[in-house]
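Asks: Based on what follows, work out the 3D shape:
(3 chains)
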Amino acid sequence: MISYTVGQIAEALGAKAFGALDIVITGTAEPQDASATTLALAMSPKYAEHLAHGDARAAMLWEGADFAALGLEAAIIAPRPRFAMSGLSAMLDAGQGFDAGHHASAVIDPSAEIGEDVRIGPLCVIAKGARIGAGSVLGPQCHIGWDAEIGEGAYLREGVSIGARVRIGARFIAQPGARIGGDGFSFVTPEPSHIEAVRDSLGADQTATQSAGQSYARIHSLGTVEIGDDVEIGASACIDNGTVRATRIGNGVKIDNLAQIGHNVVVGDDCLICAQVGIAGSTRLGRAVVLGGQTGVSDNLFIGDGAVTGGATKVLANVPAGRVMLGYPAMKMDNHIETYKALRRLPRMMREFATIKKLVSKSGVND
Amino acid sequence: MISYTVGQIAEALGAKAFGALDIVITGTAEPQDASATTLALAMSPKYAEHLAHGDARAAMLWEGADFAALGLEAAIIAPRPRFAMSGLSAMLDAGQGFDAGHHASAVIDPSAEIGEDVRIGPLCVIAKGARIGAGSVLGPQCHIGWDAEIGEGAYLREGVSIGARVRIGARFIAQPGARIGGDGFSFVTPEPSHIEAVRDSLGADQTATQSAGQSYARIHSLGTVEIGDDVEIGASACIDNGTVRATRIGNGVKIDNLAQIGHNVVVGDDCLICAQVGIAGSTRLGRAVVLGGQTGVSDNLFIGDGAVTGGATKVLANVPAGRVMLGYPAMKMDNHIETYKALRRLPRMMREFATIKKLVSKSGVND
Amino acid sequence: MISYTVGQIAEALGAKAFGALDIVITGTAEPQDASATTLALAMSPKYAEHLAHGDARAAMLWEGADFAALGLEAAIIAPRPRFAMSGLSAMLDAGQGFDAGHHASAVIDPSAEIGEDVRIGPLCVIAKGARIGAGSVLGPQCHIGWDAEIGEGAYLREGVSIGARVRIGARFIAQPGARIGGDGFSFVTPEPSHIEAVRDSLGADQTATQSAGQSYARIHSLGTVEIGDDVEIGASACIDNGTVRATRIGNGVKIDNLAQIGHNVVVGDDCLICAQVGIAGSTRLGRAVVLGGQTGVSDNLFIGDGAVTGGATKVLANVPAGRVMLGYPAMKMDNHIETYKALRRLPRMMREFATIKKLVSKSGVND
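Replies: This next block holds a predicted model:
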């Protein structure tokens, strides 16, 4: 059981503490659900009344809150509460309970290099030549491929797989069933196909002539995936191998569940890639780009530093640095909002236009 | 081999049967593919002619059909044929053939509590303190995490994983590779980031100032996932842990493949969530909501009881109860249809407007 | 270590070779990254200057290139370089290094029929009656279900699962975590539900009456999945079982990561289905259809031969053969481009229209 006093928590977070600093805390709770040993999280005044419905003795409160008046015995106040949640949640996370040591059922090739204090869960497979950095934790049923490398302090949940020759930096986190290093989706017909014709004509050739009888030949992925330090990847998310060079993920990148990173993609440092985003082959992202959930980015594009897409934005052209985009096809967010407001008024305007057109015709204004 | 007589099937379904009730049925088929021992499914008159192309002796027919005139020897007629398919398909499903008992290769912690008649497939991992209800079936290579709980009568296909402390009710069904209880996607920068600025300004600040040099800190998920009774989840679908309290899925909820349920989401009873839907963090769905395939719902929204979204709808604002929505951004379906009809006529109307504008200018109507 | 001479490579590709044909090649590289033993890929003049930044002695060049003037000692020139990449990448792919034989940790039912020279990786599960064709390779932790059949020369990456009774042709390739043969997503309420009402009214009934108290009953999938020859399926992608007959995938079909193929879908030969595409139940695709990334196709539709959708197209109606589609809802691509150009000009046009309307009113043109 994890437990800290209010005072210990405040000290660890660099936050101020008030009242009975020796109250013991074993978890957190929303204000109405709090018990005597959970720290209620009420970091804005709107949660004040909820405190009365729970049994909290201590809470994390907003700047300026009067804990005694709220019926509490102790409080922690942090200057940026959301950031304090990071430290607090790390202290109180009971984790998955993956055991120390290498489980006897794991299949570990003798040529694999396993660092100090690495935990390897039941039924993992560690292939020949794989290297796993010190302090890493592998949950059950993971697969680390031939000659793959994972840096120190990795944390892999159950069922994660890493392909051959993939390179991953320090402190990597992977959620259940993440898939790194599948082959890229790259095929070619013996003669130019109807798709190549459509792309070359930008759709001007509306009737795609079928490539009668042409089947696809596979282009193998000779590159792999290279991932920086402090990267996290979500459940069932996929990062494909590059064709000639590696697909590259920078430092500090966070990728959510079910996202797809195509072959040859380059993702700059500190990008946030939300759930179900798809980035097609050879597209490059600058640093600190944020792609909202279900964003799609076409192949061979460039997204500048700090650009942001709203949820479900479909990016069909390059995006300059710092631009906020929304819609399908993606537009600057303010243009999108103005345009879609106009679109909602369009049916009425069309009726009005029909009237005006009739009036103008009737009036003999036309020549 | 599963086999029933026509009469047994009709009785089990509460349907009427006609003709040779002792014909033995071992499966179902489309009318043109039917053999002498398969029940042809021809539940509307449009399938009548297809019966002649198959070898069916018996069929499930529409109300009022004359089985003898269709060349059949027997027929079953149910008042609501689509509902009868539920019972019929349950009777005739041969299933996956997962063997009884606990396979010797499964890694089962001695502290796990396994109910009566539970089947545990090869190479499963059952962690310490996990509890699995009586009559449950776990296919090969599943993982049940530390202190996780699954109710009676669960059916898990191969490769399903359930995280630590997740709570699941009775009769849970999970398709291959479903992932319950990954960590939520929640990160924070030490100082307010450009995303926070964009959100606060609702995009008014079009040029997102990059958070130069800021990296993301992780907010751990201290909550888990709580799932009601009679829930089904699809292949490679993901439900994330909550941050403080649990992510909650009500009774009778059905979730299709590759769907994403973010942290803190609350899904009411009897919702249908189709394939590749994404629901972002902290959004709440009422009961009997239906989200069509590829629907996206932004974070922190509320969708009222019985609301419906068409395929690929992108919900960016709250939806009242009973509303039918379509489009991106989502509109009421009839508004969407009217608006997009107008949009298709827009290029022509713009040409006409240019003409009218010229006429009005030329006529000296302008001051 | 894979190694060939320049001459051997050219001969295998049916390409022309020039210069020092005995230079030994062990891999490929982008021009600027090339070493003395990697073949630089510079198949268009725009890469010429990059060659100077690398150390290539040999390169694959464009038709008409002067290798000596580019500082190279040897060159390969192929008439269709992209197609040559297929053969070249196959020659130089080091693969995943999955070992020969059946790993001792695999759980193989004695009734399974395993062909000659089949490799079965660690911790695989091969169920009763499964049949695996000669020369196939199964990576670690795969599951082949009861009575499932895989043709000759299959290559399955780690963690792939195939359900009971699925039929797959020759030379099948599956990326990590692909899921074939999950149950279809098919449910029914005892009485007609609000969704049926919405569908029947095409949304005219805007306020869906909730099916108060109705829960869903499951329709089991009695059909399975039938897959032709030379099919590839991506990581975490899903193909569901059919309801009565099988879901069918033709020969030569390529399916990318995280795609969803619903129950009863029929996919014609040589279709390309890109990442995160979703095809809803009972939809049929002709041959050589290409669906761009994140395309969605509603249920019960037909897409004609050779049709193409751009990325994120949402198809809500049938598409004739050869048609190129874009947008949501999908339109012919040229209509879409014209319409969205008009849409971007709409806010300005609305302001102009307001002026014209005022002028026409003021002028007394109205009656």
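Asks: A:His50 sits in which helix or strand?
Replies: helix A:48-51 (DSSP states H and E).
Asks: Is there any residue in the helix or strand just after that helix that contacts chain B?
Replies: Following helix A:48-51 in sequence order, the next helix or strand is strand A:58-61 (DSSP H and E). No: judged by C-beta under 8 Å from any C-beta of the partner chain, strand A:58-61 stays clear of chain B, getting no closer than 10.7 Å. C-beta: built from backbone N, CA, C; applies to glycine.
Asks: Pull the distance from strand A:58-61 to the chain's centre.
Replies: 30 Å (C-alpha atoms, centre = their mean, to the nearest Å).
Asks: what are the C-alpha coordinates of it, in PDB please?
Replies: Provided in PDB are the C-alpha atoms of strand A:58-61 (Å, rounded to 0.1, in the frame of the first residue of the first chain):
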ATOM      1  CA  ALA A  58      -7.300  16.900   3.100                       C
ATOM      2  CA  ALA A  59      -7.500  18.200  -0.400                       C
ATOM      3  CA  MET A  60      -5.400  19.800  -3.100                       C
ATOM      4  CA  LEU A  61      -7.000  23.200  -3.500                       C
END
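Asks: any idea how far the next helix or strand along the chain from it is from the chain center?
Replies: Tracing the chain C-terminally past strand A:58-61 and defining elements by DSSP H and E, one meets strand A:74-77 next. Computed by C-alpha atoms, centre = their mean, the chain-centroid distance of strand A:74-77 equals 32 Å.
Asks: List the strands paired with strand A:74-77, with their directions.
Replies: strand A:16-19 (antiparallel), strand A:58-61 (parallel) (DSSP bridges).
Asks: Going along the chain from it, find the next helix or strand for me.
Replies: Taking DSSP H and E, what comes next after strand A:74-77 is helix A:81-92.
Asks: any idea how far the helix or strand encompassing A:Tyr340 is from the chain center?
Replies: If you go by DSSP H and E, A:Tyr340 is part of helix A:333-362. Offset of helix A:333-362 from its chain centre (C-alpha atoms, centre = their mean): 40 Å.
Asks: touching chain C at all, that helix?
Replies: Yes: using C-beta under 8 Å from any C-beta, helix A:333-362 reaches chain C at A:335, A:338-339, A:341-343, A:345-346, A:349, A:352-353, A:356, A:359-360, A:362.
Asks: Taking those together, which two end up most distant?
Replies: Greatest spatial distance among the residues of helix A:333-362 next to chain C (C-beta to C-beta): A:Asn335 and A:Lys362, at 36.9 Å.
Asks: Neighbour count for those two, which is higher?
Replies: A:Asn335 (15 against 12; other C-beta atoms under 10 Å in any protein chain shown).
Asks: quick one: the residue nearest to the more buried one when sequence neighbours are not counted and A:Ile132, what's the gap?
Replies: Nearest residue to A:Asn335, sequence neighbours excluded (C-beta to C-beta, 6 or more residues apart in numbering or on different chains): C:Arg344, at 7.3 Å. For C:Arg344, the distance to A:Ile132 equals 52 Å [C-beta to C-beta, to the nearest Å].
Asks: The two - which one has more neighbours?
Replies: A:Ile132 (26 against 15).
Asks: Can you verify my assumption that the more buried one contacts A:Glu152?
Replies: No: using C-beta atoms under 8 Å, A:Ile132 makes no contact with A:Glu152, being 9.0 Å away.
Asks: Spell out which residues are contacts of both of the two.
Replies: Residues touching both A:Ile132 and A:Glu152 by C-beta atoms under 8 Å, 6 or more residues apart in numbering or on different chains: A:Gly115.
Asks: Of the strands paired with strand A:74-77, which is nearest C:Val225?
Replies: The nearest among the strands paired with strand A:74-77, by C-beta to C-beta, is strand A:58-61 at 51.5 Å.
Asks: what does that closest one contact?
Replies: For strand A:58-61, the surrounding residues in contact (C-beta under 8 Å, 6+ apart) are A:6, A:15, A:19-20, A:23, A:25, A:31, A:34, A:39-43, A:51, A:67, A:70, A:72-78, A:81, A:84, A:88.
Asks: what mean pLDDT would you report for it?
Replies: Mean per-residue pLDDT for strand A:58-61: 96.
Asks: do stretch A:160-176 as well
Replies: 98.
Asks: Output the below-cut-off pLDDT ranges for the stretch 251-367 of chain A.
Replies: A:364-367 (pLDDT under 70).
Asks: right, I mislabeled it, should have said the stretch 1-150 of chain A
Replies: If you take pLDDT under 70 as the line, the stretch 1-150 of chain A has no such spans.
Asks: Up against chain B, what does it have?
Replies: A:27-30, A:33, A:41, A:80, A:82-83, A:85-87, A:89-90, A:92-97, A:103, A:105, A:121-123, A:139-141.
Asks: I only care about the residues you listed that end up buried; give me the ChimeraX line for that.
Replies: In ChimeraX, a selection of the buried entries from the residues of the stretch 1-150 of chain A next to chain B looks like this (16 or more other C-beta atoms under 10 Å in any protein chain shown):
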select /A:27,28,29,30,33,41,80,82,83,85,86,87,89,92,93,94,96,103,105,121,122,123,139,140,141
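Asks: Which PyMOL command selects the buried ones in the contacts of strand A:58-61?
Replies: Command for PyMOL that selects the buried part of these, burial taken from 16+ other C-beta under 10 Å:
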select buried, chain A and resi 6+15+19+20+23+25+31+34+39+40+41+42+43+51+67+70+72+73+74+75+76+77+78+81+84+88
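Asks: Tally up the residues packed near the closest residue to A:Ala17 other than its chain neighbours, please.
Replies: Among residues not flanking A:Ala17 along the chain, A:Ala10 sits closest, at 3.4 Å (C-beta to C-beta, 6+ apart). The number of residues packed near A:Ala10 is 23, by other C-beta under 10 Å.
Asks: show me the contacts for A:Ala10.
Replies: Counted by C-beta under 8 Å, 6+ apart, A:Ala10 has contacts A:Lys16, A:Ala17, A:Leu21, A:Ile76.
Asks: quick one, what contacts A:Leu39?
Replies: With C-beta under 8 Å, 6+ apart, A:Leu39 has these contacts: A:Val6, A:Ile9, A:Ile25, A:Gly27, A:Thr28, A:Ala29, A:Ala56, A:Ala58, A:Ala59, A:Met60, A:Ile76, A:Leu88.
Asks: A:Ala154 now?
Replies: A:Ile132, A:Gly133, A:Ser136, A:Val137, A:Leu138, A:Ile168, A:Ala170, A:Arg171, A:Phe172, A:Ile173, A:Ala174.
Asks: Hmm, A:Gly133 and A:Gly115 touching each other?
Replies: Yes: using C-beta under 8 Å, A:Gly115 makes contact with A:Gly133 at a distance of 4.9 Å.
Asks: Overlap of the contact sets of these two?
Replies: By C-beta under 8 Å, 6+ apart, the residues touching both A:Gly115 and A:Gly133 are A:Glu152.
Asks: Tell me which of those two has more neighbours.
Replies: Set side by side, A:Gly115 and A:Gly133 show more neighbours around A:Gly133, with 21 against 16, by other C-beta under 10 Å.
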